[in-house]
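# Pasted the sequence and its predicted model underneath.
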Amino acid sequence: MILLPPKGGLGAQPQGFDFVSLPEGHHVQQIREYLTGSFHRGRNTMKPIIIVGSGLAGYSLLRELKNRQCQVPRVLITAAGGDSYYKPNLSTALAQKKSAADLVLADAAAMGQTLSAEILTHTRVVELDPIHHRLTLDRGGELVYDKLILAVGSAPIRLPLTGDGAEDCLSVNNLEDYALFQEKLTTAHRVAIIGPGLIGSEFANDLLQSGREVVIIGPDPWPISSLIPQAAGQAVQQAMAEKGAVWHLGTFNGAIEKTATGIRTVLQNGAKVEADLIMTAVGVRAETQLASRSGLKTNRGIVTDLFLQTSAPDIYALGDCAEVGGKNLPFVQPLMIGSRALASTLLGQPTEVHYPPMPVAIKTHLHPVITLPAQTKEGHWVFDGQPTTGIVGRFFDSDARLAGFVLTGNRTSEKAEIMKELPQ
């Protein structure tokens, strides 16, 4: 057990004490010293940098701070087990016959030791007091921070599904989800996926390559239509269809009903789809609940400026949960850029986030895609290549400048060359 400071602050007269338990095996000396006031005795106690969230964002920031010899205590709080893993691998693991345990790079204890931080696992922040720089934890007790970083990620968008089979539909957004998904697949061969976007298409590809039958359902006119043009989407669709995928596009699912052998839904277009398992993959939404109820400004994410500063002093947001300068970018590269900039800011060198052109690699390995979505709809596409092998698409804006591109199939190897064509 660790003694927490009284609610009036470290200099207040105690009115009773709060406690919080840390999991077995944690190295708690540094945080113990902070909380009991012995850290840098004789001077003001150093309050820690606290990070909420143990995903790629939280651990990337810890690594940046460690690499820069940060002398301020660091605490990371996570509702999960704190295992470090690369989240994009969730949608490629089946074909590689990898379990959830296989995807773990290091457990929480190892990460804490490597990154010189205290990791509080299976712990939720239930209240954030921006005025007094104080967090209340669900396991009891409070923590005071110097700087707070919300790296709480995103959650799957939940569809308002109906029918007695609706509760059996799965989404995969973390290691625990993937473990359950893999367990269900031991008795499921035919999988229906609701959502033909990036996430749904990647999982469809993985299921096909692992030998399952796949049906993909959604209102989209072609796969991944929010990120890639029709020609590219249809190339992906064709490659998966040749592997056995059945596509029902331009329509919605109906009620999800249990049957004697699995699950069935009747689509809006009248088609009947039967499967052993249904997966929903219609996208993710930034986790903003804690920030919102604490009075921070939120929109599509937790709103920040280019320094990743939220609307409250000394609170920052990083990764999928952040809306930076009006943009919510739930991809790896913006997160890594943000981690580097924020580490500099936290160490006294205020640094704005500046994003270069950031192509997105879509892991539909039956027909891979790399795309740089244009930031404008004013313009036109020019294509060359063959859909069966690979195409190159260039999007020119109204001033005839290259504003975006898409590469598919064997043409993805041309990424470096086409990046050089972008205006400087």
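Arrived safely. Numbers count the residues shown, from 1 in each chain.
# can you confirm residue 176 is in a strand?
No: according to DSSP: H, G, I helix; E, B strand; the rest coil, residue 176 belongs to no strand; its state is helix.
# Would you state the helices of the stretch 101-250 of the chain in chain order?
With helices called from DSSP state H, counting those that start in this stretch, the stretch 101-250 of the chain shows them at 108-114, 175-184, 198-209, 230-242.
# how about these in a markdown table, adding mean pLDDT?
Listed next are the helices of the stretch 101-250 of the chain as a markdown table, based on pLDDT from 0 to 100:
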| stretch | mean pLDDT |
| --- | --- |
| helix 108-114 | 97 |
| helix 175-184 | 97 |
| helix 198-209 | 98 |
| helix 230-242 | 98 |
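# wait, which of those helices is closest to residue 148?
helix 108-114 (18.5 Å; CB to CB). In short, each C-beta sits where N, CA and C put it, glycine included.
# just for this protein, where's the confidence low?
Along the chain, segments meeting pLDDT under 70 span 1-45.
# and it, what are its domains?
Domains of the chain are assigned by automatic domain parsing as 2-155+285-346, 158-282, 374-420.
# Tell me which residues of stretch 334-344 come out buried.
Under the neighbour-count criterion of 16 or more other CB atoms under 10 Å, stretch 334-344 has 334-343 buried.
# In strands only, show me those residues.
Using DSSP state E, no member of these sits in strands.
# And the residues you listed, which is closest to residue 359?
Distance ranking of the buried residues of stretch 334-344 against residue 359, using CB to CB, places residue 334 first at 11.9 Å.
# Name all residues that make contact with the closest one.
Residue 334 makes contact with 324, 353, 355, 358, according to CB atoms under 8 Å, 6 or more residues apart in numbering.
# what about it, distance to residue 315?
19 Å (CB to CB, to the nearest Å).
# Then residue 231?
Taking CB to CB, one finds residue 231 at 44 Å from residue 315.
# quick revisit: need the helices of the stretch 101-250 of the chain in JSON lines (columns: mean neighbour count and distance to residue 164).
As requested, the helices of the stretch 101-250 of the chain are arranged in JSON lines below (neighbours: other CB atoms under 10 Å; distance: least, CB to CB, whole Å):
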{"stretch": "helix 108-114", "mean neighbour count": "18", "distance to residue 164": "38"}
{"stretch": "helix 175-184", "mean neighbour count": "16", "distance to residue 164": "17"}
{"stretch": "helix 198-209", "mean neighbour count": "25", "distance to residue 164": "23"}
{"stretch": "helix 230-242", "mean neighbour count": "21", "distance to residue 164": "30"}
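# could these be laid out in JSON lines, adding distance to residue 389?
Below are the helices of the stretch 101-250 of the chain laid out as JSON lines (distance: least, CB to CB, whole Å):
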{"stretch": "helix 108-114", "distance to residue 389": "43"}
{"stretch": "helix 175-184", "distance to residue 389": "32"}
{"stretch": "helix 198-209", "distance to residue 389": "17"}
{"stretch": "helix 230-242", "distance to residue 389": "9"}
